[in-house]
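Enquirer: got a sequence here, can you model it:
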Amino acid sequence: MADWRLAGQSIARRRCNALAERLSSFSGPPYHVARADLLGRPGRNSEAVDAYQVALALEPPAVERAFISRRILALMSRKTTGR
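Expert: Numbers count the residues shown, from 1 in each chain. Sure thing, here's the model as predicted:
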């Protein structure tokens, strides 16, 4: 089951990366948040944090900033504890 999930996530990341090229003029944070989530699931925490930070740099509304900040803290906690 875990192999299937990882394969599915890999496909999702490839599709997300392919979309990035077509969405180059799109500057909103949802793409970066989705990408960060896909990166964080298999443990690519530092890359996920980077993607969340890109989303924050785009100055989303306060509620979204709070969500993204919580996700960054959770990922940094996992990185520190090795989970």
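
Enquirer: for the residue nearest to Glu59 when sequence neighbours are not counted, pull up the helix or strand it's in.
Expert: Using CB to CB, 6 or more residues apart in numbering and skipping residues adjacent in sequence, the residue nearest Glu59 is Arg65, 8.0 Å away. Placement of C-beta: from N, CA and C, glycine included. Using DSSP states H and E, Arg65 maps to helix 62-81.

Enquirer: which elements pack onto that helix?
Expert: Counting contacts by 3 or more CB pairs under 8 Å, 6 or more residues apart in numbering; DSSP states H and E, helix 62-81 is packed against helix 29-40, helix 45-57.

Enquirer: list the residues that contact the residue nearest the centre of the chain.
Expert: For the chain, the residue nearest the mean C-alpha position is Ala36 (0.4 Å; CA atoms, centre = their mean). For Ala36, the contacting residues are 48-52, 55, 71, by CB atoms under 8 Å, 6 or more residues apart in numbering.

Enquirer: now do Leu75
Expert: Contacts of Leu75 by CB under 8 Å, 6+ apart are 40, 45, 48-49, 52.

Enquirer: mind picking out the helix or strand in this protein with the poorest mean pLDDT?
Expert: helix 2-22 (a mean of 69; mean pLDDT, DSSP states H and E).
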